[in-house]
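Novice: Kindly generate the corresponding structure for this input.
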Amino acid sequence: MTLEQLRIFVAVAEREHVTRGARELNLTQSATSAAIAALEARYATKLFDRVGRRIALTEAGRLFLVEAKAVLARAAAAEAVLFDLAGLECGALSLAASQTVGNYWLPPILHRYRALYPKIAIELKICNTLTAADMAREGIVDFAIVEGEIDDKSLAVEPVAWDELKLVAFPGHPWTAAAPKRVEDYRSASWVLREKGSGTRAIFEAVLSEKGVDPGELRIALELPTHEAVAAAVAAGAGVAMLPSLVAGASAGALAAIDIALPKRRFLALRREGRHITHAAQAFLALLR
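Specialist: All right, here's what the predicted structure looks like:
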């Protein structure tokens, strides 16, 4: 069994698609299929069920995925130790970030980092808060940068910034003239929300609960996977939404802020407790601080 076979298996398993897995690794579909077939043949174990053009992990495949990812994480950590011996003259920095952080707050910081350390390779994955935290917990990335609160003893957590939240609607919405005050106002409104697992969605539901509104009673017009999609839907008149000020500011003119106080939230840097911190990662953390 080789690390390359494990990388191929994980790429295909995470996407449940051979072609997409091959594309992610810049391999041909035939080479990718051959690597999976070699694993299954060598260990006489079926890792995927194939139904037409679709594939799905078998129970053995699901169990093997956990171990394969752990092995790859340990291999990456071993490689990082060797890179670290060269200081900041070579090496890599791997990051996962929630969408607000990754799309708005982090790029200028990465630009500064690249200017200071041009020989360090940077890899950034943008996902929701829960997925980013999982990647830090599993040791897949050096850091996850997320919004919201994370309570996990396996993670070292450090606050690195603050962001405000805004309640927004399309210009001319009744709430732009008079902010909602009654529980019924919130229940009767049409809402555009991020998907569950989003840090913004979690804070939104907590705010409503404090106001005596059950989030399960809301009229949800749309659930969308990105803040940009939420902002565009609100601007088109789909309803009202809670957005980070970084996003709302970028959509100035298309959105109108509603005069209601909302909590600030922290941006957090997460790393697996006890994970070796490379020179590249130390330099990044120093820049965040």
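Novice: how close does the residue most central in space within the chain get to Leu95?
Specialist: By C-alpha atoms, centre = their mean, the chain has its centre lying nearest to Cys127, at 2.2 Å. Distance, Cys127 to Leu95, by C-beta to C-beta, to the nearest Å: 11 Å. Quick note: C-beta positions are derived from backbone N, CA and C, even for glycine.
Novice: and what of Ala13?
Specialist: Taken as C-beta to C-beta, the span from Ala13 to Leu95 is 22 Å.
Novice: Repeat that for Glu149.
Specialist: Using C-beta to C-beta, Glu149 is found at 20 Å from Leu95.
Novice: just the helices in the stretch 101-250 of the chain please.
Specialist: With DSSP state H, counting those that start in this stretch, the ranges of helices along the stretch 101-250 of the chain come out as 106-116, 129-137, 183-188, 199-210, 227-235, 245-250.
Novice: Can you lay out these as JSON lines showing mean neighbour count, distance to Ala70 and mean pLDDT?
Specialist: Output for those, formatted as JSON lines (neighbours: other C-beta atoms under 10 Å; distance: least, C-beta to C-beta, whole Å; pLDDT from 0 to 100):
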{"stretch": "helix 106-116", "mean neighbour count": "14", "distance to Ala70": "27", "mean pLDDT": "95"}
{"stretch": "helix 129-137", "mean neighbour count": "22", "distance to Ala70": "11", "mean pLDDT": "92"}
{"stretch": "helix 183-188", "mean neighbour count": "14", "distance to Ala70": "44", "mean pLDDT": "91"}
{"stretch": "helix 199-210", "mean neighbour count": "19", "distance to Ala70": "26", "mean pLDDT": "88"}
{"stretch": "helix 227-235", "mean neighbour count": "20", "distance to Ala70": "32", "mean pLDDT": "93"}
{"stretch": "helix 245-250", "mean neighbour count": "18", "distance to Ala70": "35", "mean pLDDT": "83"}
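Novice: Output those helices as a markdown table; include the columns distance to Phe48.
Specialist: Below are those laid out as a markdown table (distance: least, C-beta to C-beta, whole Å):
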| stretch | distance to Phe48 |
| --- | --- |
| helix 106-116 | 35 |
| helix 129-137 | 22 |
| helix 183-188 | 45 |
| helix 199-210 | 32 |
| helix 227-235 | 32 |
| helix 245-250 | 38 |
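Novice: Minimum distance to Gly52: which of those has it?
Specialist: Closest approach to Gly52 among the helices of the stretch 101-250 of the chain (C-beta to C-beta): helix 129-137, 28.1 Å.
Novice: what angle separates that closest one from helix 199-210?
Specialist: Angle, helix 129-137 to helix 199-210, by axes from the mean of the first three to the mean of the last three C-alpha atoms, to 10 degrees: 120 degrees.
Novice: which strands and helices sit next to helix 129-137?
Specialist: In this structure, helix 129-137 packs against strand 92-98, strand 121-127, strand 143-147, strand 155-169, strand 264-272, with contacts taken as 3 or more C-beta pairs under 8 Å, 6 or more residues apart in numbering; DSSP states H and E.
Novice: and these, which is most packed in?
Specialist: strand 143-147 (a mean of 29; mean count of other C-beta atoms under 10 Å).
Novice: what does that strand contact?
Specialist: 95-98, 100-102, 105-106, 129, 132-133, 135-136, 160, 163, 199-200, 203, 244, 265-271, 281, 284-285, 288 (C-beta atoms under 8 Å, 6 or more residues apart in numbering).
Novice: ditto for stretch 266-279
Specialist: 77, 80-81, 83-84, 87-88, 91, 93, 101, 105, 132-133, 136-139, 142-150, 153-163, 281, 285, 288.
Novice: Mind doing that once more with 7 Å?
Specialist: For stretch 266-279, the surrounding residues in contact (C-beta atoms under 7 Å, 6 or more residues apart in numbering) are 77, 80-81, 83-84, 87-88, 91, 101, 105, 133, 136-137, 139, 142-147, 150, 154-163, 285, 288.
Novice: what residues does the lowest-mean-pLDDT helix or strand in the chain touch?
Specialist: Least confident helix or strand, the chain: helix 245-250 with a mean of 83, by mean pLDDT, DSSP states H and E. By C-beta under 7 Å, 6+ apart, the residues outside helix 245-250 that reach it are 100, 104-105, 163-166, 168, 227, 231, 255, 257.
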